[in-house]
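Participant: Test case, fold it:
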Amino acid sequence: MEEITTKLKQNKPEITESSLRAYTLNLRKLHQRLHGTKDFSGIEWLQDHDTVMKNIEANCGSYLTSRNYLNAVIVLLLNHPQHEIALKAYQQRRDELNSSTRRSSRRSSPPSARARTGCP
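Facilitator: Numbers count the residues shown, from 1 in each chain. This next block holds a predicted model:
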């Protein structure tokens, strides 16, 4: 697991220790659900982005949890050109989640709350 922690730090040097722990924990849980073990060293298993994203959506109850898992995967895949297609798929899904959540929160929040937060 130290190899994964090192890759996360290399790909995002400004990562905080709490984010590093959260990303590592989420990646281990995801690997456990997909492959039956929390321990892994390679990142090739993330190439199957359809299966990984289906697992995240099936097991993560909230938008925030799904986004946190996707962010962990994205940071791990950064700076690996051989994983560019998978990286783009994860980024697109995260961005879709962010967009749909922003749209729904604008519709459901009262105008005064939108004014306070600076949302149009």
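
Participant: contacting residues around the residue minimising distance to the centre of the chain?
Facilitator: For the chain, residue 70 is the residue whose C-alpha lies nearest the centre (Cα atoms, centre = their mean; 1.5 Å). Contact partners of residue 70, counting by Cβ atoms under 8 Å, 6 or more residues apart in numbering, are 53, 56, 90, 93-94, 97. In short, each C-beta sits where N, CA and C put it, glycine included.

Participant: ok, which stretches of the chain are strands?
Facilitator: Taking DSSP state E, the chain contains no strands at all.

Participant: And the helices in it?
Facilitator: Listed in chain order, the helices of the chain (DSSP state H) span 2-11, 17-35, 49-59, 63-77, 84-108, 111-117.

Participant: quick one: which of the ones you listed is nearest residue 41?
Facilitator: Taking Cβ to Cβ, helix 2-11 is the member of these nearest to residue 41, at 5.0 Å.
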